[in-house]
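Novice: Sequence and predicted structure, then a few things I'm wondering about:
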Amino acid sequence: MDALTEAVLADAPVREWEGLAPPRTYVAAHLRAADADRFTPGEERDVRTTLHVDTVPMPELAPDEVLVAVMASSINYNTVWSATFEPVSTFSFLRRLGRQGGYARRHDQPYHVLGSDAAGVVVRAGAGVRRWAAGDHVVVSCVQVDDQEPATHADGMLGAEQRIWGYETNFGGLAHYAVVRASQLLPKPTHLTWEEAASVLLTAATSYRMLVSDKGARIKQGDIVLIWGAAGGLGAYALQMVKNAGGIAVGVVGSPRKAEALRRLGCDVVINRADLGLGTRSDLTPEQTIELGKRLGRAIRDELGEDPHVVFDYVGKATFGLSVFVVRRGGTVVTCGSSTGYDHRFDNRYLWMNLKRIVGSHAANLQEQWECNRLFQLGRLTPVLSDVYPLERVGEAAALVQRNEHLGKIGVLCLAPKPGLGVTDPERRLALDPEGRNPFAAERRTPA
């Protein structure tokens, strides 16, 4: 282990290590361009066959970037997309970025370091960085924007040069080190462990923009919100935000195990897809969609007497027609993804004749992420971390998400030698959670 890494892990004073040179190579979970065509049509695309953990070269730091010693990261669904090279190979993103020249050229490599979440310690700051310095404990936003693009100053997510770090860029968070722009950094909540802090920002902030922000559904007291996939990372944070807002959460899951986890999290109405025959089919006919939509609507009305005001949908093709059908007159369907397919089909009569709205949402701008991060610091949001894996077993962790066998978030330890480290305010942690409650902790199956 190099001297800088040893000093950071030993929690040595910054003055003792800030002059040490970063290592020339570092360990990272990455894809190889040579694997992009390895799967034949119809072949099962197992992420464990394409995710490699090995050393890669340390990139040069741009003036507006920082180098973060990554203590922990987590698995997001874009890791699955990346490792299956679907719907497109992420190397096409890197080639396109590299053609801009200058520092962007570094991203076009025969390897792609993945990961769109991270918590760690700043070890280097570029010459143009003003607000961050070596020794700062940070969490990393997944969004990279171009601050010289006018649209960015209205809403970072509107900029044409906005990219998701570790998916559309290189040098992501599933690694011992990560290169990020200073505009991606937020202070780490002081009472959270490294792995907890690394499991929140992408999914929680995405849910925040979808539901709370003025760019999304803008939920309010009394709103009934139907949440598809409510036991996943996006869904579990959406559930907490609905409850915080005084809303009524209706969670849809696919197993009794996940249903019980939702009840522990305080979900008002829990619906098991199997009980209604909803399944996960993405080839429903219009007639089948209407019949299943009626079945789902009756189940919600039997419990609450009303149809949902808002439907939170990231599942996509398998659910979107149902979402448009079941949301109430004048209601809103908000979508941020399509894990079962992008070709959404729905009966447009139920949209236009009932004055419903569809809102597209993508990640979150820095202000929205700051507000969301603040909710964790205040203890108003709780991490939903279940399993924690070491970096060398990242393929197994990603396979759980690929097969939808996970609950909440799957954490990955990078430089942190074991779970439970990184808390700098233990008194606050105890005050916020005297019983050590983690709503999904009982589901942890795989010790790091």
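Specialist: Thanks, I have it.
Novice: Against residue 91, how distant is the nearest residue to residue 99 once chain neighbours are set aside?
Specialist: Leaving aside its sequence neighbours, residue 99 sits nearest to residue 108 (CB to CB, 6 or more residues apart in numbering; 7.7 Å). For glycine as for every other residue, the C-beta is placed from the backbone atoms N, C-alpha and C. In this view, residue 108 and residue 91 are 8 Å apart by CB to CB, to the nearest Å.
Novice: and if you look at residue 283?
Specialist: According to CB to CB, residue 283 stands 30 Å off from residue 91.
Novice: In terms of neighbours, single out the busier of these two.
Specialist: residue 91 (21 against 9; other CB atoms under 10 Å).
Novice: For that one, give me phi and psi.
Specialist: Per-residue torsions, residue 91: phi -70, psi -20 (degrees, to the nearest 10).
Novice: Go ahead and confirm it touches residue 112.
Specialist: Yes: under the criterion of CB atoms under 8 Å, residue 91 makes contact with residue 112 at 6.3 Å.
Novice: Quick check: neighbours shared by the two?
Specialist: Counting by CB atoms under 8 Å, 6 or more residues apart in numbering, the shared contacts of residue 91 and residue 112 are 31, 33.
Novice: Only the buried residues of the lowest-mean-pLDDT helix or strand in the chain, if you could.
Specialist: Using mean pLDDT, DSSP states H and E, the weakest-scoring helix or strand in the chain turns out to be helix 273-276, at a mean of 90. Residues of helix 273-276 classed as buried: residue 273 (neighbour count, 16 or more other CB atoms under 10 Å).
Novice: quick one: low-confidence ranges for the protein?
Specialist: Scanning the chain with the threshold set as pLDDT under 70 gives 437, 441-448.
Novice: does residue 54 really touch residue 27, like I thought?
Specialist: Yes: contact criterion CB under 8 Å: residue 54 and residue 27 qualify, at 7.0 Å.
Novice: quick one, which of the two is more surrounded?
Specialist: Counting neighbours by other CB under 10 Å for residue 54 and for residue 27 shows that residue 27 has the greater number, 19 against 12.
Novice: Could you find the closest non-adjacent residue to the more buried one?
Specialist: Nearest residue to residue 27, sequence neighbours excluded (CB to CB, 6+ apart): residue 176, at 4.8 Å.
Novice: list the contacts for the one you found?
Specialist: By CB under 8 Å, 6+ apart, residue 176 lies in contact with 5, 26, 27, 28, 69, 70, 391, 414, 415.
Novice: Now with 10 Å, please.
Specialist: Shown in contact with residue 176 (CB atoms under 10 Å, 6 or more residues apart in numbering): 1-2, 5, 23, 25-28, 55-56, 58, 68-71, 120, 391, 414-415.
Novice: likewise residue 1?
Specialist: Applying CB under 10 Å, 6+ apart, one finds that residue 1 lies in contact with 9, 23, 176, 415.
Novice: and of these, the nearest to residue 170?
Specialist: Taking CB to CB as the measure, residue 170 lies nearest residue 176 of the contacts of residue 1, at 15.0 Å.
Novice: got the phi/psi numbers for that closest one?
Specialist: phi -70, psi -30.
Novice: same question, residue 389
Specialist: The phi/psi pair for residue 389 (degrees, to the nearest 10) reads phi -120, psi 150.
Novice: Name all residues that make contact with it.
Specialist: By CB under 10 Å, 6+ apart, residue 389 lies in contact with 74-75, 195, 395-398, 400, 410-413, 446-448.
Novice: moving C-terminal of the least confident helix or strand of the chain, what's the next helix or strand?
Specialist: Toward the C-terminus, helix 273-276 is succeeded by helix 286-304 as the next helix or strand (DSSP states H and E).
Novice: could you dump that following helix to PDB, C-alpha only?
Specialist: C-alpha atoms of helix 286-304 as PDB (Å, rounded to 0.1, in the frame of the first residue of the first chain):
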ATOM      1  CA  PRO A 286     -54.000  -3.100 -24.000                       C
ATOM      2  CA  GLU A 287     -56.900  -5.200 -22.800                       C
ATOM      3  CA  GLN A 288     -54.700  -6.900 -20.200                       C
ATOM      4  CA  THR A 289     -53.300  -3.500 -19.000                       C
ATOM      5  CA  ILE A 290     -56.900  -2.200 -18.400                       C
ATOM      6  CA  GLU A 291     -58.000  -5.400 -16.600                       C
ATOM      7  CA  LEU A 292     -54.900  -5.300 -14.300                       C
ATOM      8  CA  GLY A 293     -55.200  -1.600 -13.900                       C
ATOM      9  CA  LYS A 294     -58.800  -2.100 -12.700                       C
ATOM     10  CA  ARG A 295     -57.600  -4.800 -10.300                       C
ATOM     11  CA  LEU A 296     -54.900  -2.500  -8.900                       C
ATOM     12  CA  GLY A 297     -57.200   0.400  -8.600                       C
ATOM     13  CA  ARG A 298     -59.800  -1.600  -6.700                       C
ATOM     14  CA  ALA A 299     -57.100  -2.800  -4.200                       C
ATOM     15  CA  ILE A 300     -56.100   0.700  -3.500                       C
ATOM     16  CA  ARG A 301     -59.700   2.000  -3.100                       C
ATOM     17  CA  ASP A 302     -60.500  -0.900  -0.900                       C
ATOM     18  CA  GLU A 303     -57.800   0.300   1.500                       C
ATOM     19  CA  LEU A 304     -58.100   4.100   1.100                       C
END
